[in-house]
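Chemist: Fold the following.
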Amino acid sequence: MLLNELDKDISPLLGKNFGIPGNYFNPGKMGSYFQSLEQVKNNFELLNLLLNEKKEYLPNLAILIKMLSNALDLEKGIYITF
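Modeler: Modelled structure (predicted):
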């Protein structure tokens, strides 16, 4: 839903892979993604703009918004792995 709504190639939930195609950093072998502090800021702003237009998405995005907000409060990026 987010990729379609925001017309983005990189997921605002996950972030970007690290490494080169075919040899990404992925210690758990199920996915490993990073967002820099700048990406966290941009994704937080994008999601808030989306929610201003489509408030019905709030229940689906509340946890993601909270996660990004916490990272911003700490002035940190995010590492997501599975």
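
Chemist: All the helices of the protein, in order from the start?
Modeler: Along the chain, the segments classed as helices by DSSP state H run 2-6, 37-53, 58-74.

Chemist: and stretch 74-82, which residues are buried?
Modeler: Ile78 (16 or more other C-beta atoms under 10 Å). C-beta: built from backbone N, CA, C; applies to glycine.

Chemist: From Glu45, how far out is the residue lying closest to Lys41 once chain neighbours are set aside?
Modeler: Closest residue to Lys41 apart from its sequence neighbours, by C-beta to C-beta, 6 or more residues apart in numbering: Leu72 at 6.6 Å. Here the criterion is C-beta to C-beta, to the nearest Å. By it, Leu72 lies 10 Å from Glu45.

Chemist: Please identify the deepest-packed of the helices of the chain.
Modeler: Comparing those by mean neighbour count (mean count of other C-beta atoms under 10 Å), helix 37-53 comes out on top with a mean of 15.

Chemist: who touches it?
Modeler: 2, 5-6, 8, 12, 15-16, 35, 57-58, 61, 64-65, 68-69, 71-72, 75-78 (C-beta atoms under 8 Å, 6 or more residues apart in numbering).

Chemist: Next, the angle helix 58-74 makes with that helix.
Modeler: Angle, helix 37-53 to helix 58-74, by axes from the mean of the first three to the mean of the last three C-alpha atoms, to 10 degrees: 150 degrees.

Chemist: would you put the C-alpha positions of helix 37-53 in CSV?
Modeler: Backbone C-alpha positions of helix 37-53 (Å, rounded to 0.1, in the frame of the first residue of the first chain) are rendered in CSV as follows:
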residue,chain,number,x,y,z
LEU,A,37,18.5,9.6,10.3
GLU,A,38,17.8,11.7,7.1
GLN,A,39,15.7,8.9,5.7
VAL,A,40,13.8,8.5,8.9
LYS,A,41,13.0,12.3,8.8
ASN,A,42,11.9,12.1,5.2
ASN,A,43,9.8,9.0,5.7
PHE,A,44,8.2,10.5,8.8
GLU,A,45,7.2,13.6,6.8
LEU,A,46,6.0,11.6,3.9
LEU,A,47,3.8,9.4,6.1
ASN,A,48,2.3,12.5,7.9
LEU,A,49,1.5,14.1,4.5
LEU,A,50,-0.2,10.8,3.5
LEU,A,51,-2.2,10.7,6.7
ASN,A,52,-3.3,14.3,6.2
GLU,A,53,-4.9,13.2,3.0
